[in-house]
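Student: Kindly generate the corresponding structure for this input.
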Amino acid sequence: MSKLITLKADVRELIGKKAKKLRDMDMIPAVIYGNKIAAQNLAVNYIDFKRVYAKAGESALIELEVAGKKLNVLIHDIQLAPMSGKVSHIDFFQVNMKEEVETEIPLEFVGEAAAVKALGGVLVKNLDAIAVKCLPADLPEKYEIDLSLLATFDDVIAVKDLKISDKVEIMIDGETVIAMVSAPRSEESLAELDNKVEEDVTKVAGVVKEAPVVEEKKK
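Tutor: Residues are numbered from 1 along each chain as shown. The predicted model follows:
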């Protein structure tokens with residue numbers, strides 16, 4: 001297992017509306033729970049957390065230092081302030097290193113699909129993360145998807161094509177397509193699609209196509 005990312009946290013007493021004072025000091029209210037422990041209110045430095053989150057996301061283990069103790073945790077959830085978009089609260093989940101956990105591993109798309117560059121196709125990404133189950137020490141940081149493998153419109157990259165450790169169980173069907181390239185539509189097919197949409201509008205419940213009004217001639 002690679003060296004864990006570390007983050008310091010302080011035990012906090014300010015809760016509820018009083019937690020606003022923490023945010024004014026560039027601290028983020030947080031809570032830790034899990035692994036048969038009582039929930040505990042914490043606070044972490046905003047800049048330190050952003051640095052750690054950029055590396056760990058919600059799938060990598062973090063070594064959380066609290067009151068002289070080092071705890072292995074995952075970022076279970078974060079909340080964002082609706083106006084500023086800044087992180088306003090964090091949930092940490094303490095893991096048992098001997099018990100399997102289920103989480104999602106992000107997909108990182110690299111390279112360029114020849115079917116897009118040379119054939120003018122449209123890249124289709126069906127997934128941005130893969131659900132896995134394994135011991136915390138075996139959690140992969142990410143899975144890399146090489147788009148250069150998509151040379152034609154018949155090529156696909158499926159879950160079964162990933163390089164998966166035998167220590168990791170994938171919680172999704174291996175035939176699930178991660179990425180592919182669809183052929184561009186011709187002008188004729190686009191015109192047909194437009195016509196079909198116009199025809200189907202009158203079939204939608206509540207939509208009635210009005211007949212043109214014919215004025216009667218005055219006698």
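
Student: Please enumerate the helices of the chain.
Tutor: 20-24, 46-56, 114-117, 187-201 (DSSP state H).

Student: Model confidence score at K217, please.
Tutor: According to the prediction, K217 has pLDDT 52.

Student: to the chain's geometric centre, what's the distance from stretch 92-102?
Tutor: Centroid separation between stretch 92-102 and its chain, computed with CA atoms, centre = their mean, to the nearest Å, is 20 Å.

Student: State the mean pLDDT of it.
Tutor: Across stretch 92-102, pLDDT averages out at 93.

Student: buried residues in it?
Tutor: Buried residues in stretch 92-102, counted by 16 or more other CB atoms under 10 Å: F92, F93, Q94, V95, V101. To be clear about C-beta, it is placed using only N, CA and C from the backbone, and glycine gets the same treatment.

Student: among those residues, which two are most distant?
Tutor: Within those, F92 and V101 form the most distant pair, 13.2 Å apart (CB to CB).

Student: Between these two, which contacts overlap?
Tutor: Jointly contacting F92 and V101 under the rule CB atoms under 8 Å, 6 or more residues apart in numbering are L74.

Student: low-scoring stretches of the protein, by residue?
Tutor: 1-3, 186-219 (pLDDT under 70).

Student: Note down every partner strand of whichever strand in it runs longest and its orientation.
Tutor: Using DSSP state E to define each element, the chain has its longest strand at strand 69-80. Its sheet considered, strand 69-80 pairs with strand 62-66 (antiparallel), strand 87-94 (antiparallel) by DSSP bridges.

Student: I would like the residues contacting the last one, please.
Tutor: With contact meaning CB under 8 Å, 6+ apart, strand 87-94 is reached by 9, 23, 28-35, 37, 42, 44, 46, 49-50, 53, 62, 64, 71-81.

Student: ok, now with 6 Å
Tutor: By CB atoms under 6 Å, 6 or more residues apart in numbering, the surrounding residues in contact with strand 87-94 are 28-32, 34-35, 37, 71, 73-74, 76-79, 81.

Student: Pairing partners for P29 in the sheet, please.
Tutor: With DSSP bridges as the rule, P29 is bridged to A43.

Student: burial count for it?
Tutor: 23 (other CB atoms under 10 Å).

Student: That one contacts K17, doesn't it?
Tutor: No: if you go by CB atoms under 6 Å, P29 and K17 don't touch, sitting 11.0 Å apart.

Student: Got the domain ranges for this structure?
Tutor: What automatic domain parsing lists as the domains of the chain is 5-96, 102-201.

Student: wait, what's in contact with G68?
Tutor: Contacts of G68 by CB under 6 Å, 6+ apart: none found.

Student: Could you do the one 4 residues further on as well?
Tutor: With contacts defined as CB under 6 Å, 6+ apart, N72 is in contact with L61, V95.

Student: Nice, that's everything, thank you.
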